[in-house]
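Student: next one to model:
(one chain, ligands or ions: 2)
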Amino acid sequence: SLRKMVQEQTKHVAICGGGLVGALNACYMAQRGYRVDVYEMRQDIRTQEIVRGRSINLALSCRGREALKGVGLEETIVKNGIPMHARMIHDRDGKRRPILYGTRDQYIMSVDRRLLNEVLLTEAEKYENVKLHFNHKLLTCNFDTGEMLFQNEKGDQVKASVDLVVGTDGAFSAVRKQMMKLSRFDYQQTYIPHGYMELNIPPSADNEFAMEANYLHIWPRNEFMMIALPNLDRSFTTTLFMPFDIFSSITDERQLMDFFTDKFPDSIPLLGQEALKKSFLSSKPLPMVTVKCEPYHVKDKAVIMGDAAHALVPFYGQGMNCGFEDCIVLNDILDQCGDDFAKALPEYTRIRNVDAKAISDLAMYNYVEMRSSVNSKLFLIRKKLDNLLYKLFPKTWVPLYTMVSFTRIRYHECISRREWQDKVLTHTLRTAAVLGGVSLLVSAHALYRHQGALEMPGWLQAGISLVEGWVRG
Ligand SMILES: Cc1cc2nc3c(=O)[nH]c(=O)nc-3n(C[C@H](O)[C@H](O)[C@H](O)COP(=O)(O)OP(=O)(O)OC[C@H]3O[C@@H](n4cnc5c(N)ncnc54)[C@H](O)[C@@H]3O)c2cc1C
Ligand SMILES: COc1ccc2c(c1)CN(c1nc(C(=O)N(C)c3cc(Cl)c(F)cc3C(=O)O)c(Cl)s1)C2
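Tutor: Residues are numbered from 1 along each chain as shown. Ligands and ions are numbered 1, 2, ... in the order given. Next up, the predicted model:
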C-alpha cells in the first residue's frame, strides 16, 4: 500500500535518552519527517514528584536559546525563566558588587531543569511521528544491523531495529560504551577532585526573593565556590563546589558553622542555620566528570550528542547549551547532505568534535582558574577590565565569556580569537610600558641635565644606555 511504501522511505531513528538533549533532538528529527522512537530509562518525569540530585536549575544562554528557537520553543522556555543581567559577587565581609554581563539586552536565563525537560517531552509527543517509551533502558545496540536491546520496568528484554541510533544518554552513555568496543575510538574521562552539593535559599518571610532576583550570585573563594540561581518560586538553588576531602572533613554542626562563618558568612541567614545543617549533613556531594571522545558516529548507523559525546565540568554553564547547539549543527548538516546519513554523520564529527573539545578545555580552564586565583577582588578586576576594553573596542575586544555565552561563534574560534586578543594586549601593554618607561627616562634625564647635575644616579645611567642600545639594536 502507499502507507507501506511511505513507511519504507521514511527514516526510522531511535533516540536513546529522553533527557534535555534527547527530547530536543526528537523535535528536530520529527520536523525532518523521520519516524522517531524515544527510549528513556527513567519513568515519565511528568508523572513524577521530584527528581533529586541534579542541578535543578540551569543557565540558558544564546546557543541554547537558538536551538529552542529552531523548534519554536524559545518563547515558552524564556517565559518560564528568570533573566540574569549580571553576576552579584559576594565577598567575605558581606559586600556585594554587580558586574554586568553586557548591555541591557545581553542577559542569561535561569531555567528549571525539570520544567525544561517536561516542556521538551510534551512538545516532542505532539508530533504524530514521535513515540516516547519510558522505563526502557538500553542494554546493547548493534551498529551493523541497527538492532537495539532494552530492559523494561518488568525486567523483560525488548528488541527494536532502526536506520539510525542517536545516543543522547548522558555522561555515562550506554551507546558510547558500545562505540568504545570499536577500533580507533578515542576516549578519555577525568573526575575532578571537587564535588558539588545543592542547597536552597528559600523566599524571605514575606515571600519575596531573599537576594536580588535578576543576578547570578557567586561567592568565589579560590578553593571553594558557591553559586546561586533564582527560581520562579522566589527561592535560589545554591550549589556549593568544594574538594571532596573538605566535604568529608565537615562531619558535625560545629565544624559546618565554623566553616560557613569563615567562608560564606552572609549566606548563613539566607540559607537558614537549621536548614543548612540539616541539608548539608544529610546530603552527599556529587562527582563531576569530563568526557572527551572521537569520533561521534559509527558509519551511517549511530551518532552521540550532548553529555554522551562531551560531558563538561559546569564552570562555564555550557553543558546543556552545547548539547542543544549539537542539535542545530546536526540538523544543518542533514540539510546540506539531503538526509544521507553516510555523508552527514562523518561531517558531524568533523565539525562538532573540535568545538566540543574547545568548550571542554575552556570549562576546565575556568575551573582551574577559579580554584587557584579567583577570589572576589580579582574576579571583579578581570571582568571590569574585560567590560572596559569591550566598551572601548567593541569590534575587536570581545571578552571570552561574551563570545561563549552571547554569540554562536564556534567554540574553537572563541579560543583562537582570544589568543589573538591576548597577543595584541600583551604587545600593546609591553609597548606602552616601554614607551612609558622610555619617556620617563628621557624626561628624568632632561630634568637632571636641566638642573646641571654632574653625575646622574646609577639607575638613570643604566636606563639611558639600555635605551640607546635598544634603539641602535
Ligand atoms: C552542577 C551542575 C550544574 C550545571 N549547570 C549548567 C548550566 O548552568 N547550564 C548548562 O547549560 N548546563 C549545565 N550543566 C550541564 C547539564 O546539566 C548537562 O549538560 C545536560 O543535562 C546534558 O543533557 P543530556 O540530555 O545530554 O544528558 P542528561 O541530561 O544526563 O540526560 C540523559 C538521559 O538519558 C537517560 N539515560 C541514561 N542512560 C540510559 C540508557 N542506558 N537507556 C536509556 N536512557 C538512558 C537518562 O535517564 C537521562 O534522562 C550542569 C551540570 C551540573 C552537574
Ligand atoms: C547551576 O550551577 C552552575 C554552576 C556553574 C555555572 C553556572 C551554573 C552558570 N555559569 C556561568 N558561567 C558563565 C561564564 O561565562 N563564566 C566565565 C562564569 C563562570 C563561573 Cl564558574 C562563574 F561562577 C561565573 C561566571 C560568569 O561569568 O558569570 C556564565 Cl555567562 S553562566 C557557571
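Student: would you mind listing where this protein has pLDDT under the threshold?
Tutor: 7, 50-55, 373-374, 453-455, 470-473 (pLDDT under 70).
Student: which residues of it lie near ligand 2?
Tutor: Within the chain, the positions near ligand 2 by C-beta under 6 Å from any ligand atom are 55, 58-59, 87, 108, 216, 218, 227, 229, 239, 314-317, 366, 370, 401, 404-405. Every C-beta, even on glycine, is put in place using the N, C-alpha and C of the backbone.
Student: mind redoing it with 5 Å?
Tutor: Neighbours of ligand 2 within the chain, by C-beta under 5 Å from any ligand atom: 55, 59, 87, 218, 227, 239, 314-315, 317, 401, 405.
Student: chain center to stretch 261-272: distance?
Tutor: Centre-to-centre, stretch 261-272 and its host chain are 27 Å apart (C-alpha atoms, centre = their mean, to the nearest Å).
Student: what residues does it touch?
Tutor: Identification of contacts with stretch 261-272 by C-beta atoms under 8 Å, 6 or more residues apart in numbering yields 90, 92-94, 96, 199-202, 210-211, 219, 221, 224, 226, 236, 238, 257, 260, 276.
Student: what subset of those residues is buried?
Tutor: Among these, those classed as buried by 16 or more other C-beta atoms under 10 Å are 90, 199-202, 210-211, 219, 221, 224, 226, 236, 238, 260, 276.
Student: make a markdown table from the residues of the chain next to ligand 2 and add neighbour count and secondary structure to it.
Tutor: Listed next are the residues of the chain next to ligand 2 as a markdown table, based on neighbours: other C-beta atoms under 10 Å; DSSP: H, G, I helix; E, B strand; the rest coil:
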| residue | neighbour count | secondary structure |
| --- | --- | --- |
| Ser55 | 18 | coil |
| Ala59 | 23 | strand |
| Arg87 | 22 | strand |
| Ile218 | 19 | strand |
| Ile227 | 22 | strand |
| Thr239 | 19 | strand |
| Pro314 | 21 | coil |
| Phe315 | 22 | coil |
| Gly317 | 24 | coil |
| Tyr401 | 19 | helix |
| Ser405 | 24 | helix |
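Student: check the chain for its longest helix and report it.
Tutor: Secondary structure of the chain per DSSP state H: the longest helix is helix 411-450.
Student: which SS state does Leu138 fall under?
Tutor: strand (DSSP: H, G, I helix; E, B strand; the rest coil).
Student: isn't it right up against Phe172?
Tutor: No: applying C-beta atoms under 8 Å as the test, Leu138 and Phe172 come out as separate, 11.6 Å apart.
Student: buried stuff in the longest strand seen in the chain?
Tutor: In the chain, assigned by DSSP state E, the strand with the most residues is strand 186-201. Under the neighbour-count criterion of 16+ other C-beta under 10 Å, strand 186-201 has 192, 194-201 buried.
Student: show me the subset of these that also lies near ligand 1.
Tutor: Near ligand 1, by the rule C-beta under 5 Å from any ligand atom, you find Tyr196 out of the buried residues of strand 186-201.
Student: identify, from the buried residues of strand 186-201, the entry nearest to Phe143.
Tutor: Ile192 (31.6 Å; C-beta to C-beta).
Student: against Leu392, how distant is the residue nearest to the closest one when sequence neighbours are not counted?
Tutor: Nearest residue to Ile192, sequence neighbours excluded (C-beta to C-beta, 6 or more residues apart in numbering): Met288, at 5.4 Å. In this view, Met288 and Leu392 are 37 Å apart by C-beta to C-beta, to the nearest Å.
Student: so those two - more neighbours on which side?
Tutor: Taking other C-beta atoms under 10 Å, Met288 and Leu392 do not tie; Met288 has more neighbours (21 against 9).
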